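Engineer: here's a sequence, model it:
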Amino acid sequence: MKRFLGLMLVVWGCCISLVFAQEVTVTARADRTTIGQDDRFVYDIIISGKVDNSMQLHLPAFEGNFQIVSQGQENSYSIINGQVSSSQTRHFELVPLRVGDLTIPPAKLVGGGTTYQSQALVIHVKKGAAPAGQPAQGGNAAGVGPNDVVILRGTVSKTEAYEGEEIIYQLEFLRRVQLWSSISYQFPEFKGFWAETLKANPNETTLQINGKGYGVRELARRSLFPLHPGTATISSSKAGFVLNPFEGDRVVESKPITIKVKPLPLAGKPANFSGLVGDFSLAGNALPKVASQNQPITLRIELKGRGGLTRVSDLVFAEDPAFKVYKSKVQDAIQFENGVSGKRVFDYILVPRTAGQFKTPGFSVSFFHPKEGKYKTVTVPGTALTIVPSSEEAEVSDFQSGAQPSQLREEIRYVHRDLDTGKSQGVKQALAWVLGLANAGLLLGLATLLVVRRFVFKTEGDVQHSFAYRHALKRVAGLQKKGGAAFYQELESILIGYLSARTRMELNGLTWDKLQGVLVEKQVPDAMIQRIGQFLEHVHAGGYAPGAATKGIDDYASELKQLLADLKGTV
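Structural biologist: Got it, this is the predicted structure:
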């Protein structure tokens, strides 16, 4: 009898375990039931038991009462007496849309002709902040709910800044579960900001929130500079991923961020202020105490600091009839890591016009210091120079008598037009007249050209390239007879003429910035563009002060030939 009763108890226990293992329950819970109208709370739906994949979960109707800010999911599995059961928790971070007692209807799980549902919950929403003793923003200052498993978070270094002041924006992905897929994300819009890309941290870090550990991966980082005063909004960003292979793609969204942009004060604003905001210093290299008339002097000035360095294109200096001044080049040594910082280096060429005792022009830049709330101006003062007469005075006298210093700088900044334009037009007209009388010769020439294109060249561009290249070399060969400023102008004319023929664009008269933009558009390598700029810079300086040239005529001609040869196939 004892053995029989024992056997019956074992069978009964197995039956009870089997029944409970197969039972499905749906439960709802909230981390808080009393909140402020501007607060958030976490609503969970817990499904446990033996859940069939064909079962469908019907969420309660949140519309009209609550807005879903973010959502996540957790899964766990267990085996009881050979029966597999699962527990699934769906997390929802909710924001109330109105004040009052708001009801969340039951959640329903439907499958196999049976409906399982949770209980309804009532959330008491009061005006103002959260009631005493209740945490705001989902239980922590970061705005992360206590049960969130995946978070996309955008943060800024400050929510109030001056116009033009740097703001650091970070987009972070937080998780406390293993993902099945990689993360794809859509970056927010930065309307109303000048944005610079910063280096993001490639390593995942850890963070404790509400006593739970999160893995934090920085997706992107930007330096933002507000363009206008008022209110600017950084829109939401989205990230997509797969949590486990049994689900489809999931998307989380960050919260938009509002920035209050203060206008720059009018009091104390310098007349030459260009909008630079940050903290900067200015330093220049030492100049000689004695220089020769018409011989160029290089002045290198370093603008160092943190802020909108990339927005500074030139420094301010006063006009001085004793010097010709033009900007040679700009070089950057800027770090884009925890903000925009480093230095921008400006090279200026000073050419003394007359002999005597003079002081070089001073260079300055004005900026607004946001921490001190005032404008500042940093200056590289002028240097006293003794200018001795030069034998090259006669060659530059034409420039001194005919144009003002401001006009000379404009001439230097622009690529000179071809000096032979008028002559070449006459030659073209005469050639057209001759060809018009020689119809037979023209037909023969066309036939020859077709044969050459068919068997020698592959494309029309190859033909034009060959003609342009040979024409440029022919012009270089005749340079040895020239000297002085005309020689340097001819060097520049040959190079610009060749580039015009190859790009099929008229490049004479363009500034270097525009010419550089055309070369970039035509996909000319950066190293080649730099060589072109350096060559033009050298011939500019030689044209205005021939005695300062560091190379002879033959050397410059050889350098141009090599540059033309290297340009073949790159333009």
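
Engineer: quick one: contacts for H58?
Structural biologist: A107, K108, L109, V110 (C-beta atoms under 8 Å, 6 or more residues apart in numbering). Glycine gets a C-beta too; all of them are placed from N, C-alpha and C.

Engineer: ok, now how distant is it from I47?
Structural biologist: 12 Å (C-beta to C-beta, to the nearest Å).

Engineer: quick one: common contacting residues for the two?
Structural biologist: Counting by C-beta under 8 Å, 6+ apart, the residues touching both H58 and I47 are L109.

Engineer: I'd assumed V24 was in contact with K50.
Structural biologist: Yes - using C-beta atoms under 8 Å, K50 is in contact with V24, at 6.6 Å.

Engineer: what distance do you get for the closest residue to E537 other than its chain neighbours to I301?
Structural biologist: Closest residue in space to E537, ignoring its immediate chain neighbours: S328 at 5.9 Å, by C-beta to C-beta, 6 or more residues apart in numbering. Using C-beta to C-beta, one obtains 11 Å as the distance from S328 to I301.

Engineer: kindly report the domain assignment for the chain.
Structural biologist: Taking automatic domain parsing as the domain assignment, the ranges for the chain are 1-142, 149-263, 278-412, 421-567.

Engineer: report the rounded mean pLDDT for the first one.
Structural biologist: What that stands for is domain 1-142. For domain 1-142, mean pLDDT rounds to 71.

Engineer: for the residue nearest to T34 when sequence neighbours are not counted, give the beta-bridge partners.
Structural biologist: Of all residues not flanking T34 in the chain, H124 sits nearest, at 4.5 Å (C-beta to C-beta, 6+ apart). Judged by DSSP bridges, the bridge partners of H124 are T34, D101.

Engineer: ditto for L57
Structural biologist: L109.

Engineer: who's in contact with it?
Structural biologist: I45, I47, R90, A107, K108, L109.

Engineer: could you dump the helix or strand containing the third one to PDB, C-alpha only?
Structural biologist: In this structure, R90 is located in strand 83-96 according to DSSP states H and E. Output for strand 83-96, consisting of C-alpha atoms alone and laid out as PDB, is shown next (Å, rounded to 0.1, in the frame of the first residue of the first chain):
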ATOM      1  CA  GLN A  83       8.900  20.600 -21.400                       C
ATOM      2  CA  VAL A  84      10.400  23.800 -22.800                       C
ATOM      3  CA  SER A  85       8.900  27.100 -21.500                       C
ATOM      4  CA  SER A  86       9.900  30.700 -22.200                       C
ATOM      5  CA  SER A  87       9.500  34.000 -20.600                       C
ATOM      6  CA  GLN A  88       9.400  37.200 -22.700                       C
ATOM      7  CA  THR A  89       9.400  40.700 -21.400                       C
ATOM      8  CA  ARG A  90       8.500  43.700 -23.600                       C
ATOM      9  CA  HIS A  91       9.600  47.100 -22.300                       C
ATOM     10  CA  PHE A  92       8.000  50.400 -23.300                       C
ATOM     11  CA  GLU A  93       9.200  53.800 -22.200                       C
ATOM     12  CA  LEU A  94       6.100  56.000 -22.200                       C
ATOM     13  CA  VAL A  95       5.400  59.800 -22.000                       C
ATOM     14  CA  PRO A  96       1.900  61.000 -20.900                       C
END
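
Engineer: what packs against it?
Structural biologist: Using 3 or more C-beta pairs under 8 Å, 6 or more residues apart in numbering; DSSP states H and E, the elements in contact with strand 83-96 are helix 2-22, strand 41-49, strand 66-80.

Engineer: that strand: partners in the sheet, and parallel or antiparallel?
Structural biologist: strand 41-49 (antiparallel), strand 66-80 (antiparallel).

Engineer: is G240 bridged to anything, and to what?
Structural biologist: Beta-bridge partners, per DSSP bridges, of G240: S184, V251.

Engineer: what pLDDT does the model give it?
Structural biologist: 86.

Engineer: wait, isn't it in contact with L179?
Structural biologist: No - using C-beta under 8 Å, G240 makes no contact with L179, being 10.8 Å away.

Engineer: out of the domains of the chain, nearest to K269?
Structural biologist: domain 278-412 (6.0 Å; C-beta to C-beta).

Engineer: the closest one - what's its average pLDDT?
Structural biologist: Rounded mean pLDDT across domain 278-412 is 83.

Engineer: ok, stretch 252-263 next?
Structural biologist: According to the model, stretch 252-263 has a mean pLDDT of 92.

Engineer: buried residues, the helix or strand in which the residue nearest to E537 is found. List them.
Structural biologist: Here S328 sits within strand 323-336, counting by DSSP H and E. By neighbour count on 16 or more other C-beta atoms under 10 Å, the buried set for strand 323-336 is F323, K324, V325, Y326, K327, S328, F336.

Engineer: quick check: what element follows that strand along the chain?
Structural biologist: strand 340-352.

Engineer: now do that following strand against strand 323-336, angle only.
Structural biologist: Per axes from the mean of the first three to the mean of the last three C-alpha atoms, to 10 degrees, the angle that strand 340-352 makes with strand 323-336 is 170 degrees.

Engineer: could you name the helices and strands sitting against strand 340-352?
Structural biologist: strand 297-307, strand 323-336.

Engineer: in the helix or strand following that strand, what's buried?
Structural biologist: Sequence-wise, the next helix or strand downstream of strand 340-352 (DSSP H and E) is strand 356-359. By neighbour count with 16+ other C-beta under 10 Å, strand 356-359 contains the buried residues F358.

Engineer: what's the answer for stretch 58-67, then?
Structural biologist: Buried residues in stretch 58-67 (16+ other C-beta under 10 Å): P60, F62, N65, F66.

Engineer: one step back: closest one to F346 among the helices and strands packed on strand 340-352?
Structural biologist: strand 297-307 (4.8 Å).

Engineer: what sits up against the closest one?
Structural biologist: 164-166, 276-285, 287-288, 291, 309, 312, 315, 328, 339-352, 360, 363, 365, 367, 380.

Engineer: what pairs with that strand, parallel or antiparallel?
Structural biologist: strand 278-284 (antiparallel), strand 340-352 (antiparallel).

Engineer: show me where this protein has helices.
Structural biologist: 2-22, 393-402, 405-413, 421-437, 439-455, 460-477, 484-503, 512-521, 526-544, 553-567 (DSSP state H).

Engineer: what's the least confident stretch among the ones you listed?
Structural biologist: Lowest mean pLDDT of the helices of the chain: helix 393-402, a mean of 37.

Engineer: hang on, the earlier thing: mind checking the helices and strands packed on strand 340-352 for the one nearest to L198?
Structural biologist: Short answer: strand 323-336, nearest of these by C-beta to C-beta, at 5.0 Å.

Engineer: other SSEs contacting that closest one?
Structural biologist: By 3+ C-beta pairs under 8 Å, 6+ apart, strand 323-336 packs against strand 340-352, helix 405-413, helix 526-544.

Engineer: pretty sure G213 contacts T205?
Structural biologist: No - at 10.8 Å, G213 and T205 do not qualify as touching, with contact defined as C-beta under 8 Å.

Engineer: before we move on, back to that, and which of the contacts of L57 is nearest to Q186?
Structural biologist: Looking across these and measuring by C-beta to C-beta, the closest to Q186 is R90, at 23.8 Å.

Engineer: distance of the closest residue to that closest one other than its chain neighbours relative to A120?
Structural biologist: Nearest residue to R90, sequence neighbours excluded (C-beta to C-beta, 6+ apart): I45, at 4.5 Å. Per C-beta to C-beta, I45 is found 12 Å from A120.

Engineer: quick check: buried residues in stretch 371-379?
Structural biologist: Y375, K376, V378.

Engineer: same deal with stretch 158-166?
Structural biologist: Buried residues in stretch 158-166 (16+ other C-beta under 10 Å): A161, Y162, E163, G164, E165, E166.

Engineer: repeat that for stretch 289-302.
Structural biologist: Buried, per 16+ other C-beta under 10 Å, within stretch 289-302: A291, S292, Q293, N294, Q295, P296, I297, L299, R300, I301, E302.
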